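A.B. asks: What follows is a predicted protein model with its sequence.
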Amino acid sequence: MTSGMAPAGWYPDVQIPNTLRWWDGQQWTQHTAPAEAAATPAPAPQMPAKTAPSVPLGPVPASPPPDSRHRGGLFGGKREFEEEVARLHQELEALGVPERNQLRSELIELRSQIPALSHERDELAAVVGPLRIEVADLQTKQQELTALRSEIQSLQQQKSSLDAEFVQLQGLTQQIGAVKAEYEELAQQVVETRETAILQEVGIYQYRHPLDDAPAYKARLTGITAQIKDSARAGTAVQGSTNWTVNGSTRDGARMVKEFSKLMLRAYNNEADNAVRSMKPYTLDSAIARLTKARETIVKLGGTMNIRVTDSYHKLRVEELELTADYLAKMAEQKERDREERARLKEEEIARREFEREQDRLRKEQAHYESTLATMRAQGDEAAAAELESKLNEIGDALDGLNRRSANIRAGHVYVISNVGAFGPDMVKIGMTRRLDPMDRVKELGDASVPFHYDVHALIFSDDAVGLETSLHHAMADSRVNFVNMRREFFRVHPRTVKEMLDGFGATVVEYVEQPEALEWNQSENHRRELLASHQSSPTT
């Protein structure tokens with residue numbers, strides 16, 4: 001390279017002082033070289049106005065590429081070189097090189113500010129992070145506050161409504177006191193006569209005057225009736241004022257008191273007689289209360305003359321009511337006992353006839369075999385005779401057993417039956433029959449009085465069937481359905497429980513069925529479900 005001249009393609013770098021940069025004819029490259037040896041730089045090549053050369057800042061090799069061109073322009077004339085320099089300066093000015101230098105200076109200054117700004121940014125980030133968390137927390141609390149405000153507003157509205165209701169209730173509370181006082185006053189004047197409610201509360205009837213039988217009550221009632229009549233004739237049934245005067249006349253006053261006393265006694269006796277006529281054992285308490293109320297009313301109406309029914313007479317009429325109720329209860333009990341006795345005698349009669357028929361059948365069969373046995377022996381057929389004699393022995397044993405059963409009134413069958421369709425799955429009936437075939441009795445029980453036939457769980461023969469039945473009834477006393485009529489032999493227990501009790505008593509149970517078949521009930525339930533399904537599936541009209 002000649003001193004004072006830059007090789008072709010090398011031009012002064014406007015960004016780096018005393019440095020030349022290589023122009024390859026199309027763009028600025030990364031090749032640079034020191035500019036001390038060059039007296040005058042070569043003119044920069046022409047470039048489009050819109051394109052600014054990119055000037056990299058990194059170091060590049062100082063030597064030009066091996067395929068450098070325009071080396072012949074290094075020794076041109078001075079004028080041409082100066083014109084080239086002037087032209088390059090114009091192009092640089094056209095390209096905004098001064099502005100670029102200014103921008104570069106500003107860029108360098110801004111880059112110098114970057115560390116400080118980065119540090120400040122980090123400090124601000126350290127402060128902003130907690131602030132952001134706090135802001136998010138405050139926003140959440142603000143949402144909760146909004147919800148709380150809404151809830152408070154709703155509660156305030158409810159409080160206002162409750163306050164209004166409380167004021168109304170206070171007014172009603174004040175009225176309740178007056179209503180209670182009025183109710184108590186009316187309750188003293190009213191006697192409970194609803195027999196259905198009384199029936200639910202009465203439970204088992206308790207006799208006020210226990211006597212042996214209905215005739216005893218009848219005789220006692222006759223005596224009470226005579227005492228009532230005697231008291232009325234003697235004038236001790238009702239009493240009145242003895243110093244009452246009418247127009248100054250004591251005699252007229254006494255006559256008026258006597259007439260009013262008769263009138264009051266007639267009203268009292270009418271109430272008592274009506275109570276006796278309409279008496280039911282479970283209405284005794286209400287009848288006594290009604291009669292007592294009538295007596296109190298008479299006292300109020302005859303207060304000016306001091307007219308009242310005497311305690312002794314009222315006691316006689318109350319005793320009459322009690323004896324009447326006891327008599328009716330005893331009569332009902334006697335009727336029930338008679339009905340049960342008739343049923344028992346009927347059952348015994350049926351069993352006796354069955355025994356007689358069976359005895360007659362066995363005797364006829366025995367006579368037939370004896371006649372045949374005599375014929376076989378006359379013919380010398382010993383084998384047939386032996387067989388017939390064995391059969392005769394069996395018939396004799398059967399007759400002996402039948403006679404023993406007929407003589408032993410305690411022998412028979414204990415039956416355990418249930419009716420799921422009528423009474424549910426956990427109820428059994430335990431009874432006893434002396435029939436030769438106990439199923440005849442079971443079939444009678446399952447007549448038209450129940451919707452389905454009974455299912456048999458067990459039939460137990462015992463020489464003391466009465467004792468076995470009684471033991472079972474006592475063991476299941478707490479499970480009895482009817483505590484009033486002990487002849488109703490229904491118990492609310494599962495059939496399995498009865499089986500366990502029979503095992504405990506040592507009873508000989510040939511077969512026990514825990515799960516009832518309930519054929520009719522199951523078929524009816526299936527049919528009912530089919531009907532229900534068909535109704536649900538059919539379109540409504």
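C.D. replies: Right, received. Where do you want to start? Numbers count the residues shown, from 1 in each chain.
A.B. asks: Pairing partners for residue 414 in the sheet, please.
C.D. replies: Judged by DSSP bridges, the bridge partners of residue 414 are residue 432, residue 460.
A.B. asks: what about it, distance to residue 474?
C.D. replies: Using C-beta to C-beta, to the nearest Å, residue 414 is found at 14 Å from residue 474. C-betas here are computed from N, CA, C, even on glycine.
A.B. asks: Same question for residue 401.
C.D. replies: Here residue 401 is placed at a distance of 29 Å from residue 474 (C-beta to C-beta).
A.B. asks: More neighbours: those two, which one.
C.D. replies: The residue with more neighbours, out of residue 401 and residue 474, is residue 401; 11 against 8, by other C-beta atoms under 10 Å.
A.B. asks: Phi, psi for that one please.
C.D. replies: phi -60, psi -40 (degrees, to the nearest 10).
A.B. asks: got it, and residue 118?
C.D. replies: Main-chain dihedrals, residue 118, degrees, to the nearest 10: phi -60, psi -40.
A.B. asks: Tell me where the model's unsure across this structure.
C.D. replies: By pLDDT under 70, the low-scoring segments of the chain are 1-8, 36-78, 92-93, 95-100, 185-205, 538-541.
A.B. asks: tell me what the helix or strand where residue 254 lies is packed against?
C.D. replies: Element membership of residue 254 [criterion: DSSP states H and E] is helix 250-277. Judged by 3 or more C-beta pairs under 8 Å, 6 or more residues apart in numbering; DSSP states H and E, helix 250-277 is in contact with strand 238-239, helix 284-301, strand 308-309, helix 311-378.
A.B. asks: how many other residues sit next to residue 394?
C.D. replies: 13.
A.B. asks: okay, the angle between the host helix or strand of it and helix 311-378?
C.D. replies: Element membership of residue 394, judged by DSSP H and E, is helix 382-407. On the basis of axes from the mean of the first three to the mean of the last three C-alpha atoms, to 10 degrees, helix 382-407 is oriented at 170 degrees to helix 311-378.
A.B. asks: Could I get the contacting residues of the nearest residue to residue 224 once chain neighbours are set aside?
C.D. replies: In this structure, residue 224 finds its nearest non-sequential neighbour in residue 320, 4.9 Å apart by C-beta to C-beta, 6 or more residues apart in numbering. Under the criterion of C-beta atoms under 8 Å, 6 or more residues apart in numbering, the neighbours of residue 320 are 221, 224, 225, 228, 272, 276.
A.B. asks: Filter those down to the buried ones.
C.D. replies: 221, 224, 228, 272, 276 (16 or more other C-beta atoms under 10 Å).
A.B. asks: would JSON lines of the residues you listed with distance to residue 504 be doable?
C.D. replies: Output for the buried ones among the contacts of residue 320, formatted as JSON lines (distance: C-beta to C-beta, whole Å):
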{"residue": "221", "distance to residue 504": "49"}
{"residue": "224", "distance to residue 504": "52"}
{"residue": "228", "distance to residue 504": "58"}
{"residue": "272", "distance to residue 504": "56"}
{"residue": "276", "distance to residue 504": "52"}
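A.B. asks: Pick out the most distant pair among those residues.
C.D. replies: Using C-beta to C-beta, the two most remote members of the buried ones among the contacts of residue 320 are 221 and 272, lying 13.4 Å apart.
A.B. asks: Check the offset of stretch 435-442 from the chain's centre.
C.D. replies: Here the centre of stretch 435-442 is set off from its chain's centre by 45 Å, with C-alpha atoms, centre = their mean, to the nearest Å.
A.B. asks: Any buried residues in that stretch, and which?
C.D. replies: Residues of stretch 435-442 classed as buried: 435, 436, 438, 441, 442 (neighbour count, 16+ other C-beta under 10 Å).
A.B. asks: Then stretch 469-479?
C.D. replies: For stretch 469-479, the neighbour count (16+ other C-beta under 10 Å) marks 469, 471, 472, 475, 476 as buried.
A.B. asks: Just the CA coordinates for stretch 297-306, please, in CSV.
C.D. replies: This file holds the C-alpha atoms of stretch 297-306, laid out as CSV (Å, rounded to 0.1, in the frame of the first residue of the first chain):
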residue,chain,number,x,y,z
THR,A,297,-125.4,-26.0,88.0
ILE,A,298,-128.3,-26.6,90.4
VAL,A,299,-126.3,-25.0,93.2
LYS,A,300,-125.7,-21.9,91.0
LEU,A,301,-129.3,-21.6,89.8
GLY,A,302,-130.7,-22.1,93.3
GLY,A,303,-128.1,-20.0,95.0
THR,A,304,-130.6,-17.4,96.2
MET,A,305,-132.6,-20.0,98.0
ASN,A,306,-129.6,-22.0,99.0
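A.B. asks: Give me the residues contacting that stretch.
C.D. replies: If you take C-beta under 8 Å, 6+ apart as the criterion, stretch 297-306 is touched by 239-241, 244, 256-257, 260-261, 264, 267-268, 307-309.
A.B. asks: out of these, which is most surrounded?
C.D. replies: Busiest of these [other C-beta under 10 Å] is residue 309, holding 26 neighbours.
A.B. asks: so how many other residues sit close to residue 17?
C.D. replies: 8.
A.B. asks: My error: substitute residue 415 in the last question.
C.D. replies: Residues near residue 415, counting by other C-beta under 10 Å: 26.
A.B. asks: what's the spacing between it and residue 469?
C.D. replies: Taking C-beta to C-beta as the measure, residue 415 falls 9 Å from residue 469.
A.B. asks: Quickly list what's touching both of those two.
C.D. replies: 430, 431, 432.
A.B. asks: Of those, which is the nearest to residue 140?
C.D. replies: residue 430 (74.4 Å).
A.B. asks: Look up phi and psi at that closest one.
C.D. replies: Main-chain torsions, residue 430, degrees, to the nearest 10: phi -120, psi 120.
A.B. asks: Settle this for me: it is touching residue 491, isn't it.
C.D. replies: Yes: counting by C-beta atoms under 8 Å, residue 430 does reach residue 491; the two are 6.5 Å apart.
A.B. asks: got any residues that touch both of the two?
C.D. replies: Common contact partners of residue 430 and residue 491 (C-beta under 8 Å, 6+ apart): residue 476.
A.B. asks: hang on, the earlier thing: what's the most buried one of the helices and strands packed on helix 250-277?
C.D. replies: Of all the helices and strands packed on helix 250-277, strand 308-309 carries the top mean neighbour count, a mean of 22, counting by mean count of other C-beta atoms under 10 Å.
A.B. asks: same for that one, what does it pack against?
C.D. replies: strand 238-239, helix 250-277, helix 284-301.
A.B. asks: Give the pairing partners of the shortest one; include direction for each.
C.D. replies: What that stands for is strand 238-239. Taking DSSP bridges as the criterion, strand 238-239 sits next to strand 308-309 (antiparallel) in its sheet.
A.B. asks: roughly how far is the partner strand from the heart of the chain?
C.D. replies: 58 Å.
A.B. asks: Pretty sure residue 236 sits against residue 312.
C.D. replies: Yes: taking contacts as C-beta under 8 Å, residue 236 lies within contact range of residue 312: 6.8 Å.
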